[in-house]
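A.B. asks: Kindly return the folded structure for what I paste below:
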Amino acid sequence: MNYLTTITKKGQITIPKELRKKLGFKEFLRVVLELEEKEKVIKVRPVTDILDLAGDFKSKNKKSVLEARKNLETSYKRK
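C.D. replies: Residues are numbered from 1 along each chain as shown. As a prediction, the model looks like this:
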């Protein structure tokens, strides 16, 4: 199924609600945009947040997930 949307002056688009619901895209979900130049296509994929992994792994140094995220956010610069 195709969905029609518009690019704003700021270069933003809105993913239609029905499509977000089908894909399970929730508010504040981080995504990566992947460009396929030959086909002139942009793919949108969700990115797993460290908080989504809470409880899946045990910390060797007993840090909470919130502390780990804070360290990640302050230690690594975004492009």
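A.B. asks: which stretches of the protein form strands?
C.D. replies: Using DSSP state E, the strands assigned to the chain run over residues 31-36, 41-46.
A.B. asks: who's in contact with the last one?
C.D. replies: Read that as strand 41-46. Residues from elsewhere that reach strand 41-46, judged by C-beta atoms under 8 Å, 6 or more residues apart in numbering: 15, 23-25, 29-36. For every residue, glycine as well, the C-beta is placed using N, CA and C.
A.B. asks: per-residue pLDDT, the residue nearest the centre of the chain?
C.D. replies: For the chain, residue 30 is the residue whose C-alpha lies nearest the centre (C-alpha atoms, centre = their mean; 1.8 Å). What the model reports for residue 30 is a pLDDT of 86.
A.B. asks: gap between it and residue 6?
C.D. replies: Remark: distance between residue 30 and residue 6 (C-beta to C-beta, to the nearest Å) = 23 Å.
A.B. asks: Repeat that for residue 18.
C.D. replies: Relative to residue 6, residue 18 is positioned 16 Å away (C-beta to C-beta).
A.B. asks: neighbour-wise, which of those two wins?
C.D. replies: The residue with more neighbours, out of residue 18 and residue 6, is residue 18; 10 against 7, by other C-beta atoms under 10 Å.
A.B. asks: For that one, give me the pLDDT.
C.D. replies: We have a pLDDT of 95 for residue 18.
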